[in-house]
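Peer 1: Below: sequence and its predicted model.
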Amino acid sequence: MLRKHTRLIAVPVTAVALTLTVAGQQANAAGPSSPGGAGHSGRAAEATGPCLAGATALVGDLDGDGRPDKIDNPGHTGTGMTIQWGAADGSFGQKYAVSGLLRAKPGEITSAAVADFRHNGTLDIVVNVVKPSGVDDPATARVAEYRPGPLKRSNLGSATARHSDIGDRGEARELRIADYGGDAYPDLAVLNNEGDGVLTREVRLSKPGSGPGKYDYGLQQKYGESGTPAEPPTMPGDGWKHFYKPCS
């Protein structure tokens, strides 16, 4: 009688559990598959439904390879965000600071916001890189863009990136996810230094298929707020929880 020898391969339990959970989230997701996901048989659908892996971590597909990636956003401010790219076995690699991936220069402040702004199953990113002027007149951002996914791993580049006016109206200190429209499209809240001792909460509401829009006076009057460094405007807390469910 021939005997078959079976080799057991050890895989971290947490990685397997998270992979299966993300896949389960996808099974219930209503959005279409992510761009670039086709052709990755058996794996392409796993990351198209973002989910929460803790209070400040989001899991979803950033680079369009059909594998879940992990985004950590301490304090939900967007200034200390890191990314771990997903591997074929469902685990995550080393942490990369978004500021490093964007090649921020010494003295520059990097802020970012990640969400599925178009509600199509692939995560996008809004980025702002600015060197504070140190005086009353705010500096203009060196980089201020909305970058629809999929993103390049090397520098978070996007084939369809476009300029965002968040860098034109002051020094963005924080970027946060918010829910102002009450729909499936995540919105953006910006803690903005306008100069002369004025801080504002500016808003950019997302539109289907286009992501965060431009500054709108009417929406700003409805959802915005002004303050000072001593009494800053209130900012949204965990905006992700309005759009995504826990992975487990």
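Peer 2: Noted; the coordinates are in hand. Numbers count the residues shown, from 1 in each chain.

Peer 1: which stretches of the protein form helices?
Peer 2: For the chain, applying DSSP state H gives helices covering 13-27, 98-101, 217-223.

Peer 1: If I average pLDDT within each of these, which one is lowest?
Peer 2: Lowest mean pLDDT within the helices of the chain: helix 13-27, a mean of 41.

Peer 1: burial count for A230?
Peer 2: For A230, the neighbour count with other C-beta atoms under 10 Å is 7. All C-beta atoms are positioned from the backbone trio N, CA, C, and that covers glycine.

Peer 1: Next, work out how far apart it and V198 are.
Peer 2: 12 Å (C-beta to C-beta, to the nearest Å).

Peer 1: next one: H163
Peer 2: Taking C-beta to C-beta, one finds H163 at 24 Å from V198.

Peer 1: who's more crowded, those two?
Peer 2: Neighbour totals were compared for H163 and V198, and V198 leads with 16 against 12 (other C-beta under 10 Å).

Peer 1: Near the nearest residue to the more buried one once chain neighbours are set aside, how many other residues are there?
Peer 2: Counting by C-beta to C-beta, 6 or more residues apart in numbering, V198 lies nearest to S226, which is 6.3 Å off, once chain neighbours are set aside. For S226, the number of neighbouring residues by other C-beta under 10 Å comes to 15.

Peer 1: is it true that S226 touches P233?
Peer 2: Yes - with contact defined as C-beta atoms under 8 Å, S226 reaches P233; the gap is 6.2 Å.

Peer 1: where do the contact lists of these two overlap?
Peer 2: Taking C-beta atoms under 8 Å, 6 or more residues apart in numbering as the criterion, S226 and P233 both touch L199, T200, R201.

Peer 1: number of nearby residues for the last one?
Peer 2: Neighbour count of R201, defined by other C-beta under 10 Å: 22.

Peer 1: The most centrally placed residue in the chain pairs with what?
Peer 2: Nearest to the mean C-alpha position of the chain, by C-alpha atoms, centre = their mean, lies V114 at 0.8 Å. V114 forms beta bridges with I125, as assigned by DSSP bridges.
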